[in-house]
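>>> got a structure for you, letters missing:
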DNA sequence: AATCCGACACCCA
DNA sequence: TGGGTGTCGGATT
């Protein structure tokens, strides 16, 4: 059962009179226990409670009835009960029929509410159904101000030095910015003496910035030179610390400054850099350096809440549990510390290092927790001198040079801040300078590089955790180079990969890395990787029979602190070697353990629904709508049509109503020219038609699709597909809103032409409406078809042709036809309300709801002799029927 | 020839 | 300006 179903079940329970004997069993049923388990609970064999009237279900809940007004007292009794301690129920619950008191044992949270509110408070009771609530990490406010000022400085420098914007100087410019940022940060947080850097450069560069270039070159050179070798440099540079660390190694140059750029530099150095959040520091710097890409780069960085969706279940949660278990044993804690010291974190799409920084900080925080506890346990005699987590254990691959530099810098800064925390806790830290060791961030194309060369598999028993947010790009939008990258990964491995999203390359490469290793991975991905055609095409090759999904987050909307957010729905998928351990599924604020998560991110065994042109069951063929491919030149709106017909009455015979999803759902009307080949000469008599055909020809001539140029260009009076009905059409919009409780199928007269925004059953029997309009069909479509973000996407090959139906009898078909008609007639009684109005989940009329309910009950009884209990049961039954049918067909073919 | 997809596209409050 | 909700034609099969 999903949370919504549990909510409904609890609401139903709360609406009935309270019976203290029946209540615990009904509560068990409402929290997803099957009838057999409940029967055993009732006959006492599963009931562990020793309280009068009590029911205790292992791990799930402990109930005892309360006397009037005494729910708090009974809750105390439940909490203190020995059996409670032994069997660890998730939830304690008691009621007197008026009040409910409950407690979540793990967190100690309590709930006191009216009995009738049980349904509204379902979230509290989810743990009794094996689902734990989780809260996403909070978004930290970022210092947008600093980034804005950096951007101004950058722009001013480019205005003064246009050549520094060119490709061959980009690296120098990037390096200048990172060095400046490091120095401004260092002088504010105490790595350098207070304000040393800005004081020295502004003292020696003059007011208008005229000497800034030479001053910066001298300063940076000094930081790369040990103090005793600075004879060739101005005397004032002696003051600087020796920094090194790669940041100041290599060529040192700086652009010319002018008055505005010097002013912006002063502005930005006046900011308090202590408050900078290093988690996404890199992205902010990166967005500074490219005015055009500024919004776009910012658009794609991964915010901390999203990073925690990946790193938490990948390894941090498990580490916390281990620390918890070891809390009272010094030896065990030292083992955890040893484990942490060997962990390698690898982000093969690291950008400016957000994931690596967050992972590094998380590990350093846990190290301090462990050391503090060891200190407590040993009475302060612990002798650790220093952190065991080196930043060289953090690996990354990134395509753009500047991002690589900022990633390294962000890790330096994170290390500095972690050291400061360490000092606060233990009173000591090593010297900050010179910078010693660096993260292993490589500049290159992750789909071309050998990942084992970048992040070697450790030989000391260490673990590798691979995480990141690789780029998503559908096949339509990939460049030639990107397609070649995918070919490099998949050629010879997978027969058909050209339709894969770019992100699939990362998933496949990580699967090769993980196999048989002490390593796990988790990536953010576009949700389409786990939907529709990609599932059957990609996932069997990825998982084979030795990998599994260890955890997953179902679709969530992309959000970060950028002003413009990318519009995309994401998932997080964690991969691991097959383990026999439970997998954890996160969905809408709830997590649950399950024996398997399949590639649709459904808690069910692995199953792949393959699109097919031939129906697997006995349903009539469904066609794709008519695809115009004419840049709108054959289409008309209502006014255009009316005007044309007024001026040329004869043109009417070539104009037909034209409908896609929008028109079906909202009841609007568009029209199209519909010219049969044999009528072309007659049609061309009209000047308007000649002009429009000419425009279509021009458009088709310029298409990149050879089929359009060669086959469609000579037929520019017509659409690409040409289908029409003889008697009537049953049409299903392809993309429609997911909040509607039913798919907006409708029936139209034969004059209407359907666009490729709809699927069409031409002249098909009306009982098809009953099937498509059913809850059962919606559940199937929403699971096995693709989505447009979260919108339903109807497909004939994936959804209709694969939909399992029993062999209907004539009587059943007659009943379904009647039911379909009842729905259609009911809609008519609400004329002129549109389908969008009628199927608004908040405003759906009761009689229409009833007609659909009757239709659902009728259809479902043809499957199992009764209505299904919930969507979970619906889906599992459909999966079973599909698998059985495919198995039978394969046997027949063999 | 047919159709799945969109780090979307576009409309409207 | 962002929530609400489906066009349209390229690229792949």
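Yep, it's here. Nothing here was measured: the structure is a model prediction, and the numbers come from that model. Numbering: from 1, shown residues only, chains lettered A, B, ... in the order given.
>>> secondary structure class for residue A:521?
strand (DSSP: H, G, I helix; E, B strand; the rest coil).
>>> Settle this for me: it is touching residue A:466, isn't it.
Yes: here residue A:521 reaches residue A:466: they are 4.0 Å apart, a contact under CB atoms under 8 Å. Any C-beta I mention is one placed from the backbone N, CA and C, and that applies to glycine too.
>>> Touching both of the two, which residues are there?
Jointly contacting residue A:521 and residue A:466 under the rule CB atoms under 8 Å, 6 or more residues apart in numbering are A:510, A:513, A:514.
>>> three-state assignment of the residue positioned nearest the centre of chain A?
Chain A has residue A:570 as the residue nearest its centroid, 2.0 Å off, counting by CA atoms, centre = their mean. With three-state DSSP as the basis, residue A:570 sits in strand.
>>> which ones are touching it?
A:306, A:524, A:525, A:526, A:527, A:555, A:556, A:557, A:558.
>>> Kindly report the same for residue A:784.
Per CB under 8 Å, 6+ apart, neighbours of residue A:784: A:532, A:535, A:600, A:609, A:798, A:799, A:802.
>>> these two touch, right, the last one and residue A:879?
No: applying CB under 8 Å as the test, residue A:802 and residue A:879 come out as separate, 10.8 Å apart.
>>> Name the residue in the two with the higher neighbour count.
residue A:802 (24 against 21; other CB atoms under 10 Å).
>>> Per-residue pLDDT of that one, please?
In the predicted model, residue A:802 carries a pLDDT score of 98.
>>> Now do the SS call for it.
Of the three states, residue A:802 takes coil under three-state DSSP.
>>> now it: how far from residue A:887?
Per CB to CB, to the nearest Å, residue A:802 is found 14 Å from residue A:887.
>>> Residue A:604 too?
When residue A:604 is compared with residue A:887 (using CB to CB), they lie 17 Å apart.
>>> The two: who's more crowded?
Taking neighbours as other CB under 10 Å, residue A:604 and residue A:887 compare with residue A:604 leading, 18 against 10.
>>> residue ranges with poor pLDDT in the stretch 51-200 of chain A?
Low-confidence segments of the stretch 51-200 of chain A, defined by pLDDT under 70: A:133-145, A:148.
>>> count of residues packed around the residue of the stretch 651-800 of chain A found nearest DNA strand B?
Nearest to DNA strand B, among the residues of the stretch 651-800 of chain A, is residue A:786, at 2.1 Å (CB to the nearest atom of the strand). When neighbours are defined as other CB under 10 Å, residue A:786 has 21 of them.
>>> what's it in contact with, if anything?
So residue A:786 contacts A:528, A:531, A:532, A:533, A:534, A:793, A:795, A:798 (CB under 8 Å, 6+ apart).
>>> could you pick out which of the residues you listed are near DNA strand B?
Under the cut-off given by CB under 7 Å from any atom of the strand, DNA strand B has A:528, A:531, A:532, A:533, A:534, A:793, A:795, A:798 from those close to it.
>>> okay, the residues you listed in TSV with distance to DNA strand C and pLDDT next?
Formatted as TSV, these follow (distance: CB to the nearest atom of the strand, whole Å; pLDDT from 0 to 100):
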residue	distance to DNA strand C	pLDDT
A:528	12	97
A:531	14	97
A:532	12	97
A:533	8	97
A:534	11	97
A:793	9	98
A:795	12	98
A:798	13	98
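>>> So which of the residues you listed are in strands?
Those of those mapping onto strands are residue A:793, per DSSP state E.
>>> from the ones next to DNA strand B among the contacts of residue A:786, which would you call buried?
Buried members of these, counted by 16 or more other CB atoms under 10 Å: A:528, A:531, A:532, A:533, A:534, A:793, A:795, A:798.
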